[in-house]
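In: need a structure here:
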Amino acid sequence: SDVYKRQEIPVHEEYKDMQTILQHAHQKTWEEVAKDLRVNIKEGLSEKEAAERLKVYGKNELPKASPPTMWEDLLSQFEDGLVRTLLIASCVSFFVGLTDNSPKDLSTYFEPGMILLILAGVSCITVWRQSKSTQFCEEVSILQAHKTHVLREGRVVIINSSDIVPGDICYLKSGDKVPADMRLVRGMTIKVNQALYTNESDPTPKNPLLHVAIENPMIQDKKNMLFSQTEMYSGEAVGIVVGTGDKSQLGTVKQQIEKTGEENKKTLIKDKLAQLSETITWIFLVVCTLCWVVNFHNFFDPIHGNALKGAVYYFKIAVSLAVGSIPKTMGPLIMSYLYFAASKMGAKSAIVKHLGCFDFLSCTTVICTDKTEALMEHKMSVTELVYLDKNGNLQSYKIAEDNNPVKGKIECLDSSIMEKNASLHDIAKVCALCNDAKIKQSSKGDEIETVGSATEVALKCFLCKLSWYDTEFLKKREEAPEDLETYAANFEKESPVLAKLPFTQMRKCMSVIVKDKDKEKEKKNVLLLKGSPELLLEKCIRIKLENRDSVELTAEKKELIKSKIRGANQLGLRCLGFAIKEN
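Out: Here you go, the predicted structure:
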């Protein structure tokens, strides 16, 4: 419509103040917000326009403080009170050795020299390790940059969340992190975990059709808005980005935190060492003062020549006594211990950004991690297919671990087996229809372009591999050899989707209703489910065999399947179950 027509207006006149739009987006319909941001809801922004807005509004990131230089990092290693006390004691020892009238050799300066050498060496090594760890953390953050599905020039593309600009149309589903503040356009069964802002334990329902008339509402009242860094608990949503970076709600929270003062960065071990160094410093001063004052009457001894020389002589004695009482090796030993601990953990592929982290690690009793215990690239592939044969025994096919759908074979499977095996056809049907992912061949050799979750992309890739064994479909593949969606489109044509319930953390499954063909009767509605196998085992009362027969799902068969699931989980594999309700 004319509302969305793009007009050629200079950048500085076209783009309104984002803070104003953000403040009133909840009071307007999504059509009005789209008009304010000059975006066509059906086409999205053009790449050229998105680049212009990126220059105007900047990256979708909170401003970061400039990192300290290497010299600043090196000097910060000497901010500890105990280290400073040791430095002062070493300098005083040097001074006493230089001004002493006794014969001098290397042993005179050995002790203070070793203290300075150890402190300087450990500090340099610590700075070097921290710089390496920081660099590695930055590389990991780039590798695992958060991605978002946006509408650009009429097609859904995946971009880094940092490249999102006001006016982008974003697509979100259950489990996704909301990349920026946005006004909802449409969605179904939307619930969002926004405890980051409200401390609410339960997910908050959202409705794009709601109109919030309150002038200054709380975040909880903005039921038609999504906020940056909250998490989609359930449902699917489409929204228009209205606030990015420091202009988002998260940016406002960050500014409020900064006003309350800097975060206390001291660790427990630093606090303990600071208290110890303060105590030692006071003892140092008291001992020096007492020794000096006690010998006041000896200042005038003729052996010193005069009172000033006597005072200096006893001052050296007092300082020597105090310096000798300081545990000079404690600081270097603690720093050396932390360094060697960091080296030992580094040998096991741990990232040690600060030596102080071992203080927290020593107090840790439970570490929570994902079952793979590794950083992932958000890529998955189907490795094994399991079903029951006509005798009710578990059978499986191994699939080559290759995310490229035109490569990788299914071991021990051929066209004759595929033609007779009804279970494989049912599994292919669920993979095709109970799936929102899209894949297509990339222009870069064997690579593929994907849209959707890693799990559903893996199922689509498996579907393509399975299509090579379907004799009825091979002719269609020859007609469109580069269209990776042809096999899935064939199922969609035969069984159009009527309704869909997306995956949620509560339901733990995705469901679709399709209008299926029946050779003997008219088309009938069929429910297809994909999700947690443990959940589906509880829901199902019968199980299909490879010859299309349906038998009772007994406790014995359930335990057989559960044992297979447990074995797969021990290997770090994710398991999915498929179910069909034809009645």
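
In: so what's the closest residue to Gln220 other than its chain neighbours up against?
Out: Leaving aside its chain neighbours, Gln220 sits nearest to Thr198 (5.5 Å; criterion: C-beta to C-beta, 6 or more residues apart in numbering). Every C-beta, even on glycine, is put in place using the N, C-alpha and C of the backbone. Applying C-beta atoms under 8 Å, 6 or more residues apart in numbering, we find Thr198 in contact with 204, 219-220.

In: Give the buried residues for the helix or strand encompassing Lys254.
Out: If you go by DSSP states H and E, Lys254 is part of helix 249-259. For helix 249-259, burial by neighbour count (16 or more other C-beta atoms under 10 Å) applies to 249-253.

In: Over to stretch 537-553?
Out: For stretch 537-553, the neighbour count (16+ other C-beta under 10 Å) marks 537, 540, 543-546, 553 as buried.

In: Any chance of those in JSON lines with distance to Val33 and pLDDT as columns?
Out: Shown next, in JSON lines, are the buried residues of stretch 537-553 (distance: C-beta to C-beta, whole Å; pLDDT from 0 to 100):
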{"residue": "Leu537", "distance to Val33": "45", "pLDDT": "90"}
{"residue": "Cys540", "distance to Val33": "45", "pLDDT": "90"}
{"residue": "Ile543", "distance to Val33": "50", "pLDDT": "90"}
{"residue": "Lys544", "distance to Val33": "49", "pLDDT": "87"}
{"residue": "Leu545", "distance to Val33": "54", "pLDDT": "86"}
{"residue": "Glu546", "distance to Val33": "53", "pLDDT": "83"}
{"residue": "Leu553", "distance to Val33": "50", "pLDDT": "88"}
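
In: out of these, which one sits closest to Ile561?
Out: Taking C-beta to C-beta as the measure, Ile561 lies nearest Leu537 of those, at 6.4 Å.

In: What separation is there between that closest one and Ala579?
Out: Distance, Leu537 to Ala579, by C-beta to C-beta, to the nearest Å: 9 Å.

In: related to what we said a few turns ago, tell me what the following helix or strand past the helix holding Lys254 is packed against?
Out: Sequence-wise, the next helix or strand downstream of helix 249-259 (DSSP H and E) is helix 268-294. In terms of contacts (3 or more C-beta pairs under 8 Å, 6 or more residues apart in numbering; DSSP states H and E), helix 268-294 is packed against helix 81-99, helix 307-325, helix 330-346, helix 357-362.

In: between helix 268-294 and helix 307-325, how many degrees?
Out: Per axes from the mean of the first three to the mean of the last three C-alpha atoms, to 10 degrees, the angle that helix 268-294 makes with helix 307-325 is 150 degrees.

In: okay, the helix holding Lys254 in PDB with CA atoms only?
Out: What follows is helix 249-259, C-alpha atoms only, in PDB (Å, rounded to 0.1, in the frame of the first residue of the first chain):
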ATOM      1  CA  GLN A 249      16.100  -0.700  26.900                       C
ATOM      2  CA  LEU A 250      19.300  -2.600  27.700                       C
ATOM      3  CA  GLY A 251      21.300   0.600  27.000                       C
ATOM      4  CA  THR A 252      19.100   2.500  29.400                       C
ATOM      5  CA  VAL A 253      19.700  -0.100  32.100                       C
ATOM      6  CA  LYS A 254      23.400   0.100  31.500                       C
ATOM      7  CA  GLN A 255      23.400   3.900  31.900                       C
ATOM      8  CA  GLN A 256      21.600   3.600  35.200                       C
ATOM      9  CA  ILE A 257      24.100   1.100  36.500                       C
ATOM     10  CA  GLU A 258      27.000   3.300  35.500                       C
ATOM     11  CA  LYS A 259      25.500   6.200  37.400                       C
END
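
In: and Glu231, what is it in contact with?
Out: Applying C-beta under 8 Å, 6+ apart, the residues near Glu231 are 175-178, 192-193.

In: Can you add neighbour count, secondary structure and distance to Lys398 and give the residues you listed back as a markdown table?
Out: As requested, the contacts of Glu231 are exported to a markdown table (neighbours: other C-beta atoms under 10 Å; DSSP: H, G, I helix; E, B strand; the rest coil; distance: C-beta to C-beta, whole Å):
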| residue | neighbour count | secondary structure | distance to Lys398 |
| --- | --- | --- | --- |
| Gly175 | 14 | coil | 29 |
| Asp176 | 19 | coil | 32 |
| Lys177 | 14 | strand | 34 |
| Val178 | 26 | coil | 39 |
| Val192 | 22 | strand | 40 |
| Asn193 | 18 | strand | 38 |
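
In: is it possible to export these to JSON lines including pLDDT and distance to Val150?
Out: Shown next, in JSON lines, are the contacts of Glu231 (pLDDT from 0 to 100; distance: C-beta to C-beta, whole Å):
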{"residue": "Gly175", "pLDDT": "76", "distance to Val150": "18"}
{"residue": "Asp176", "pLDDT": "84", "distance to Val150": "12"}
{"residue": "Lys177", "pLDDT": "86", "distance to Val150": "14"}
{"residue": "Val178", "pLDDT": "91", "distance to Val150": "13"}
{"residue": "Val192", "pLDDT": "88", "distance to Val150": "19"}
{"residue": "Asn193", "pLDDT": "85", "distance to Val150": "22"}
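
In: Between those, which sits nearest Val83?
Out: Distance to Val83 across these (C-beta to C-beta) is lowest for Lys177, with 41.3 Å.

In: Can you give the distance of stretch 546-557 from its chain's centre?
Out: The chain centre lies 41 Å from the centre of stretch 546-557; the measure is C-alpha atoms, centre = their mean, to the nearest Å.
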